[in-house]
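Q: quick one: sequence plus predicted model below, questions after.
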Amino acid sequence: MIRIAGGEFAMGSTFYPEEGPVTQASVAPFELDRTPVTNAEFAAFVRATGYVTVAERVPDPADFPGADPDLLVAGSLVFVPTSGPVTLNDWRQWWRWTPGASWRHPYGPTSGVDDKGEHPVVQVAFEDANAYAEWTGKRLPTEAEWEFAARGGIDGAVYAWGDASDTPDRLLANHWQGAFPWKNTGANGWIGTSPVGTFEPNLFGLVDMTGNTWEWTADPWRPTHSAQQHCGCGPMGAGEHLQRVLKGGSHLCSPEYCLRYRPAARSAQDEDSAATHVGFRCARSI
């Protein structure tokens, strides 16, 4: 873990509506994992505890009255590139509910992670991330902590490394290369997730704070920032909301569609939902 001294910073941006308004936030000193949690680390947790992730559990029919029993199977959301250019107004064109998809099989039963031990674990729901964090004696970071750490001391910058975008000759994050959602030439050769630390760390020494995978935070989702969120000392209303804040963007973020591999970027995610581009890292109070 890396010790973050804490302090005040300008949280948010005016880039997308949900990132505003820009407000002064304050976080206390804390520690944050240098990298996202990897497949190897999550596998060790599962071996030690026997934990079964949300995506691996068969849904309870009582929770889905009237549903076709044949559709109540374990699975998760998988990104599937389209066969060619499409309009970008309907995400259902490139996301598929896939039976058998889980952290062990991110893209369905025929996929695996045996050769991806150093890649960030994906297909983890909020409950799964919390369970791992508790097992390690840690917790999930708040949104304010996460953004403060991602900025690396460069207050107000667009990206984790500054204001200028990266270039094909010097990629600074794992994000989509090519025409979304059908043509991806790969970031430094990696289509999908990349091993943690493939790209340069920020000035705090943290890697993959933007790009590669979205990351769970402890905070419940609100459509805009509010002053109550910014104490940085703990999540507001934990357990009372069905959506949480994701931070950091992922390998699926494309400048032409979703330029969210930035510290201020944020997205809502249902607590019980996992996907091929969602992972996490842990924090610890000092």
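A: Thanks, I have it. Residues are numbered from 1 along each chain as shown.

Q: how about A268, phi and psi?
A: Main-chain torsions, A268, degrees, to the nearest 10: phi -90, psi 140.

Q: now do it against G153, distance only.
A: Using C-beta to C-beta, to the nearest Å, A268 is found at 28 Å from G153. Where you see a C-beta, it was placed from the backbone N, CA and C, and this is true even at glycine.

Q: try L242
A: The spacing between L242 and G153, counted by C-beta to C-beta, is 34 Å.

Q: again, but for L203
A: Where G153 is concerned, L203 sits at a distance of 5 Å (C-beta to C-beta).

Q: for R3, same thing?
A: As for R3, its distance to G153 is 13 Å (criterion: C-beta to C-beta).

Q: can you check F15 too?
A: 20 Å.

Q: D60 too?
A: The spacing between D60 and G153, counted by C-beta to C-beta, is 46 Å.

Q: between those two, tell me which one has more neighbours.
A: Neighbours were counted for D60 and for G153 using other C-beta atoms under 10 Å; G153 has more, 14 against 8.

Q: surely F9 is within a strand?
A: Yes - assignment of F9 by DSSP: H, G, I helix; E, B strand; the rest coil places it within a strand.

Q: the nearest residue to it once chain neighbours are set aside: what secondary structure?
A: Spatial nearest neighbour of F9, chain neighbours left out: D155 (5.0 Å); criterion: C-beta to C-beta, 6 or more residues apart in numbering. Classification of D155 using three-state DSSP returns coil.

Q: nearest residue to the residue nearest to the spatial centre of the chain other than its sequence neighbours?
A: By C-alpha atoms, centre = their mean, the chain has its centre lying nearest to W214, at 1.7 Å. Excluding the flanking residues, the one nearest W214 by C-beta to C-beta, 6+ apart is L246, at 4.2 Å.

Q: for the one you found, name its beta-bridge partners.
A: L246 has the following beta-bridge partners by DSSP bridges: W216, S267.

Q: contact partners for it?
A: For L246, the contact set (C-beta atoms under 8 Å, 6 or more residues apart in numbering) comprises 214-217, 266-269, 278.

Q: can you tell me which of these is closest to N39?
A: Using C-beta to C-beta, V278 is the member of the contacts of L246 that lies nearest N39, at 13.8 Å.

Q: for the closest one, which non-adjacent residue is spatially closest?
A: Once flanking residues are discounted, V278 sits nearest to W214: 4.9 Å by C-beta to C-beta, 6+ apart.

Q: ramachandran coordinates for that neighbour?
A: As for W214, its main-chain torsions (degrees, to the nearest 10) stand at phi -60, psi 150.

Q: do the same with A48
A: When read as degrees, to the nearest 10, the backbone of A48 gives phi -80, psi -30.

Q: find the nearest non-adjacent residue to it, please.
A: W135 (7.4 Å).

Q: same check on A67?
A: In space, and not counting its chain neighbours, A67 is closest to P61: 6.9 Å by C-beta to C-beta, 6+ apart.

Q: before we move on, what about G100?
A: Nearest residue to G100, sequence neighbours excluded (C-beta to C-beta, 6+ apart): P109, at 3.8 Å.
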